[in-house]
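J.: Prediction below, plus the sequence it came from.
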Amino acid sequence: TGVVPFVALLLLQRRPVAGRALLVTGSGCPGHGLCRSNVQEQTRRQVALLNATAQDLFSLYLKCQGEPFSSEADKLCNPSGVVFPPFRVNRTSERKEVMVAMYQLFAFLNASLGNITRDQEELNPTAKELLDRLHNTTKTTRGLISNLTCLLCKNYNIFQVDVSYGESSKGKGTFRKKQQGCQVLRKYVQVIAQAARVLLPHLSPP
């Protein structure tokens, strides 16, 4: 456990890590200069976009892995063994708790997407549509992390958050890499739907 600089948080994709993410440099939050004027609306749109595209990403991933993943997804992609960060907030939770939980979730997801993308670039280098979807999803996730950083600092003066990252697939065989990717993406479909239900009401205009 330690302090992980925010930029490093966005780049840590290759190994499991637990630590304390330093969202911004310095001893505290820099104030309103970190935020764009429409940050809350932009955050809402990013979460809605990730939720709307998650199932299509999972389906395309399965298609590109070939057999037996295409026909045995329920068995091979069972996400019961995938440990995402605990998500114990709901619509009645304090907004501060929701924002922290969202940051932890999307920090984990960002690292997992980087792991999956690296594997697919190696295993399916000609699967342009899949790779584009993975890159676009990662780009949206990083933008969302940046906006959550702003909201946590601006509204609550929070500039450190405990984070964890999933298991790396580096060094594993082809089948295991494909399986780990489909397990994570199936879990992602479930978790992002829950996250959207919880977060969006907190970001809606008054």
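T.: Cool, got the structure. Remember, it's a predicted structure, so these values are computed and weren't measured experimentally.
J.: State the helix or strand in which Gln42 lies.
T.: Using DSSP states H and E, Gln42 falls within helix 39-65.
J.: buried sites along that helix?
T.: 39-40, 42-47, 49-51, 53-54, 57-58, 60-62, 64-65 (16 or more other Cβ atoms under 10 Å). (Glycine included, C-beta is placed from N, CA and C.)
J.: Tell me which stretches of this structure form helices.
T.: 6-11, 39-65, 73-76, 95-123, 128-156, 174-203 (DSSP state H).
J.: now those as CSV including mean pLDDT and distance to Pro85?
T.: Below are those laid out as CSV (pLDDT from 0 to 100; distance: least, Cβ to Cβ, whole Å):
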stretch, mean pLDDT, distance to Pro85
helix 6-11, 38, 13
helix 39-65, 95, 16
helix 73-76, 93, 24
helix 95-123, 93, 4
helix 128-156, 93, 13
helix 174-203, 91, 9
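J.: As a markdown table, those helices with distance to Phe84 would be great.
T.: Formatted as a markdown table, the helices of the chain follow (distance: least, Cβ to Cβ, whole Å):
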| stretch | distance to Phe84 |
| --- | --- |
| helix 6-11 | 16 |
| helix 39-65 | 13 |
| helix 73-76 | 19 |
| helix 95-123 | 6 |
| helix 128-156 | 14 |
| helix 174-203 | 6 |
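J.: which one of these lies closest to Tyr165?
T.: helix 95-123 (4.2 Å; Cβ to Cβ).
J.: Please compute how far that closest one lies from its chain's middle.
T.: Computed by Cα atoms, centre = their mean, to the nearest Å, the chain-centroid distance of helix 95-123 equals 2 Å.
J.: do the same with stretch 152-161
T.: Offset of stretch 152-161 from its chain centre (Cα atoms, centre = their mean): 19 Å.
J.: then that stretch to CSV, C-alphas only?
T.: C-alpha atoms of stretch 152-161 as CSV (Å, rounded to 0.1, in the frame of the first residue of the first chain):
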residue,chain,number,x,y,z
LEU,A,152,-14.1,15.0,-5.2
CYS,A,153,-11.7,17.9,-4.9
LYS,A,154,-14.0,20.8,-5.6
ASN,A,155,-17.0,19.6,-3.5
TYR,A,156,-15.4,17.6,-0.7
ASN,A,157,-11.6,18.5,-0.6
ILE,A,158,-10.8,14.8,-1.1
PHE,A,159,-7.5,14.3,-2.8
GLN,A,160,-6.6,10.7,-1.8
VAL,A,161,-8.7,7.6,-2.3
